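Novice: could you work out the structure for the sequence below:
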Amino acid sequence: MTIYTSMKSNTVVWTLRNVTILLLLLLSIIHSPLALSARNVGTGFPPDNDTNDPYDDIEPDFYGIHNTRYGFDWISFSIQTRPKTTNTLYVRQGDRGPWKYLRPVPSGYSSFREEGLDTHVKRCYSVRSHADSRYYVYQTCKSPYSRVEFRPGEMSQEITDRILDAFEWSKTEPVQEGNNPNQPALYSMAVLLEKAPNSEDENLIRDLGIHIQDLPLFPNEFPTWDSQKAVVTVGDEYRIWRFIVIPGYLYNAIRDRNITRESKGQQTSLLVFRRIPDNRATDNVYDPYRLNYSYLRDNLFTYNGNFNENAVNESGCQLGDSKTDCPLFIGSLIKHIVSYFSEGAEFLIDGVRKIQGFFKRKLGDEVTLTLNIQLLNTESNFTEPMKSGWSGELLTLEGATVQIRQGFSIFEKKINAYGNVTGKVAKHDSSKICFKLKNHAVEITELLTEKTVCLDGRYVINANTTLNLQVKHPYVNAFAGITDAYKYMEEVMDFKMRRVRVLTGWLANILAVDDDRSYAPCLGIVDLSALDLIPLVNIVKETAELVMADIDIILSTKDAATRGVPVHEYGHNVLCTLAHDVNGDGYIEIAWTDVILGIFDQNASNSSWIFNEAFADFISSQVLGATNYVNQIGGTTIGTMSYANAGSGGIETNYRDSSNPTVRTEVARVASIIHDFFDGNVLNTDPFELNLNPNDGTHWDTVNNSLTWARSTKKSQINLKQDSDQEDEEVLIPGSSFTRWADFAKRHSFFSLTFNYKNWLGGLADLARDEGYNDAQICDLFALHSMGGTCPDY
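Specialist: Down below sits the predicted model:
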């Protein structure tokens, strides 16, 4: 069929096909929403200027698309349409793509969520609402990842990888800063740090006016929280998440400067929103990250950001500094804020002061809490609370930090030398008590930060309270034992050790030899780069470098629960430190490489490894009265440690060489030689004073495999000598000369940079000469440990 029509002087010929196409085109226009503003109303589609809209008296913002949220690969929103309407939802990619039908939308309220979306791709949604020849169009456009977030309880390597892949400052949006100048908007976030923070680093963050803590903000996250969730790898480095509360104006300032740095290809910091898990704590139902002031205060939250302009200016960080020039874990963040001071420092400072003022507790809400903490052995063979072998004193959590968790608030204070702590806390009917295991002597860690151990149950603290606590935990056991060894070295041997870092937990179990044997790599002192060609040891080297290259002891979970193994491994670190302090990096790195290799090649002819184990057994016998390799005569074996009975021969026994030596007989021979050089020192006559001299190494009553502290004094009461000293040699080096031993050993190591026992026993002989003993006396001592009664040429 052909249709003819006249249009002015021109004639257009239409075929049936042309008419069909035109009709379809008109229908598609009628049934497709246009890219209009967020809300359009009219009598046609597209809308006209009709002013007789029967709904003009209704608040315009009531209808439309609300509460748009977005995450890694999803977008959600709610829809409120007019009653008795026909509604259809359409979607398109970006601003110019074709609209596609999604689904019908019911009248009234409904919700929508779309998942599995492409990252960074903008999606626009349009609701076409039709009633009585009128059309209403509501539209929203968002991109997944435009606000990257952590959901409650969500923090892992996988989530971090997705965040790093998706996060761009240019795709973020500014946040609200708050209408009340006395209560600027606060946001729950997490910040990714470049290295494990220390107190100075955290203070610097606080000096920016940002609240920071190592635990999740909300108490309902505590029960399932594992600190290792916050430790992640970025490239070939370990990093750690910390939880922050940040004012909106400060976030916007950081965002502006990060966008600028990002556009120039410069380093930027990473701040990620954390969704609030409790709706009562949100300040705005449409903003799941903004915190409610009153709810926080009612739950004892205390804001710890303080904004100290001078502290930041004095940090030495300038715009453009590299990480090397500005060695701060969040240096890039500092740089952004430094430049902000000239624009409005007083505004920032004043804002933080107002935040702090709101959260200050009333004096009437504070009470005094006293904790008396007693430590129990994790090995059932010990019948008493934890005691020192060398001093008999009760062991404590001296220097550790007690942490009282109450609602949103965390109170912290150091524990004194007696195991007590007193401080002000808030009244609360559900307080959790925890201990952060780091002091002057040792830090127990599972990767990057000190391990926190919490007691079971909760405590009601609604008045001045004293609690007598008994603590029994493998990590506490190791912490107390090593702290005691530190004290022995300082007070008896006049040798002040550096703090050691002890790796425990899952990673330590992976790195332990044969799955459960602990060892001391001394990575806080030693560079193991010489071990590149050793595959098994290289695992240790590379992993240790990732965890800050300063792990000193790798302590398996099994060994952490023992009294003896942590102290024995500490003995290895004493040798590392002694040699390093005297001989320097080159010697200790080469020598310790030889020792580490010995871990995987244990035999009686490996003199470096033999001496290392003998030295560690000497230290553990002095501190605890127990040895790891020496099977002590008249002792009791518990696990891998041998405890000498008080008054028995113990390590004073003259272990000798043999024609068919074993690892244990050689370690026993060398350990007993070292012991003979230091034993027999005069005891203090005052029974109430500590014996600040090297001791006999026998500290326990070991009847029926039960250990009770019982230093025998039978012989000391008569001769003022150590009870097990056989007085079969005359050499008696005081503990105060211990540190000079390495000086003399260095002379013997001139042509052999190893830890072999000939170098070190030769150095010990020279030390004895320097103390006034002659060659005959020294030879007599060595002869006691030789089958032929001979002495070596050194």
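
Novice: now do the residue positioned nearest the centre of the chain against residue 501, distance only.
Specialist: Closest to where the C-alpha atoms of the chain average out (Cα atoms, centre = their mean) is residue 449, at 2.9 Å. Applying Cβ to Cβ, to the nearest Å, the value for residue 449 to residue 501 is 11 Å. The C-beta positions use only the backbone N, C-alpha and C, and glycine is treated the same way.

Novice: go on, residue 206?
Specialist: 25 Å.

Novice: wouldn't residue 67 be in contact with residue 77 here?
Specialist: Yes. Using Cβ atoms under 8 Å, residue 67 is in contact with residue 77, at 5.9 Å.

Novice: quick one, which of the two is more surrounded?
Specialist: Neighbours were counted for residue 67 and for residue 77 using other Cβ atoms under 10 Å; residue 77 has more, 21 against 14.

Novice: surely that one is in a strand?
Specialist: Yes. Using DSSP: H, G, I helix; E, B strand; the rest coil, the assignment for residue 77 is a strand.

Novice: any idea how many residues pack against the residue nearest to residue 779 when sequence neighbours are not counted?
Specialist: Sequence neighbours aside, residue 791 is the residue nearest to residue 779 in space, at 3.8 Å (criterion: Cβ to Cβ, 6 or more residues apart in numbering). By other Cβ under 10 Å, the residues close to residue 791 number 18.

Novice: need the pLDDT of residue 791.
Specialist: pLDDT, residue 791: 87.

Novice: secondary structure class for it?
Specialist: Assignment for residue 791 (three-state DSSP): coil.

Novice: contacting residues around it?
Specialist: 778, 779, 780, 782, 783 (Cβ atoms under 8 Å, 6 or more residues apart in numbering).

Novice: where does the stretch 201-350 of the chain have low pLDDT?
Specialist: 201-204, 285-286, 306-350 (pLDDT under 70).

Novice: quick one, helices of it?
Specialist: Applying DSSP state H, counting those that start in this stretch to the stretch 201-350 of the chain gives helices spanning 248-263, 293-298, 309-313, 331-338, 341-359.

Novice: quick one: what helix or strand has residue 777 in it?
Specialist: helix 775-783 (DSSP states H and E).

Novice: in that helix, what counts as buried?
Specialist: Residues of helix 775-783 classed as buried by neighbour count (16 or more other Cβ atoms under 10 Å): 778, 780, 781, 782, 783.

Novice: do stretch 571-586 as well
Specialist: By neighbour count on 16+ other Cβ under 10 Å, the buried set for stretch 571-586 is 571, 572, 573, 574, 575, 576, 577, 578, 579, 580, 582, 583.

Novice: hmm, which of those is lowest in pLDDT?
Specialist: Minimum pLDDT across these is recorded for residue 583, with 67.

Novice: mind listing the strands for the stretch 551-700 of the chain?
Specialist: 553-554, 626-627, 635-638, 641-644, 700-701 (DSSP state E, counting those that start in this stretch).

Novice: can I get those in JSON lines with distance to residue 366 and mean pLDDT?
Specialist: Output for the strands of the stretch 551-700 of the chain, formatted as JSON lines (distance: least, Cβ to Cβ, whole Å; pLDDT from 0 to 100):
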{"stretch": "strand 553-554", "distance to residue 366": "40", "mean pLDDT": "89"}
{"stretch": "strand 626-627", "distance to residue 366": "45", "mean pLDDT": "95"}
{"stretch": "strand 635-638", "distance to residue 366": "46", "mean pLDDT": "87"}
{"stretch": "strand 641-644", "distance to residue 366": "46", "mean pLDDT": "92"}
{"stretch": "strand 700-701", "distance to residue 366": "45", "mean pLDDT": "88"}
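
Novice: most tightly packed of the ones you listed?
Specialist: Of all the strands of the stretch 551-700 of the chain, strand 626-627 has the most neighbours on average by mean count of other Cβ atoms under 10 Å, namely a mean of 33.

Novice: output the contacting helices and strands for that strand.
Specialist: Where contact means 3 or more Cβ pairs under 8 Å, 6 or more residues apart in numbering; DSSP states H and E, strand 626-627 is packed against helix 564-599, helix 607-624, strand 641-644.

Novice: want to try CSV for these, with distance to residue 154 as columns?
Specialist: CSV is the format used below for the helices and strands packed on strand 626-627 (distance: least, Cβ to Cβ, whole Å):
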stretch, distance to residue 154
helix 564-599, 35
helix 607-624, 44
strand 641-644, 43
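
Novice: nearest to residue 766, of these?
Specialist: The minimum distance between residue 766 and the helices and strands packed on strand 626-627 falls on helix 564-599, with 13.3 Å, by Cβ to Cβ.

Novice: correct me, but the residue nearest to the centre of the chain touches residue 215?
Specialist: No. Using Cβ under 8 Å as the test, residue 449 is too far from residue 215 to be in contact (11.1 Å).

Novice: picking up where we left off before, from the chain's centroid, how far away is the helix holding residue 777?
Specialist: On the basis of Cα atoms, centre = their mean, to the nearest Å, helix 775-783 is displaced by 52 Å from the centre of the chain it belongs to.

Novice: same check on stretch 432-448?
Specialist: 10 Å.

Novice: what of stretch 395-406?
Specialist: 17 Å.

Novice: how about stretch 516-523?
Specialist: Distance, centroid of stretch 516-523 to centroid of chain: 20 Å (Cα atoms, centre = their mean).

Novice: convert the C-alpha atoms of it to CSV, please.
Specialist: In CSV, the C-alpha atoms belonging to stretch 516-523 read as follows (Å, rounded to 0.1, in the frame of the first residue of the first chain):
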residue,chain,number,x,y,z
ASP,A,516,56.8,-27.3,66.7
ARG,A,517,60.4,-26.6,67.7
SER,A,518,61.1,-23.0,68.7
TYR,A,519,64.3,-21.2,67.9
ALA,A,520,65.9,-17.8,68.2
PRO,A,521,66.8,-16.2,64.8
CYS,A,522,67.8,-12.9,66.5
LEU,A,523,66.4,-10.9,63.6
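
Novice: buried stuff in it?
Specialist: Quick answer for stretch 516-523 (16+ other Cβ under 10 Å): 518, 519, 520, 521, 522, 523.

Novice: surely the first one is in contact with residue 552?
Specialist: It refers to residue 518. No. Residue 518 lies out of contact with residue 552 (Cβ under 8 Å); the separation is 11.5 Å.
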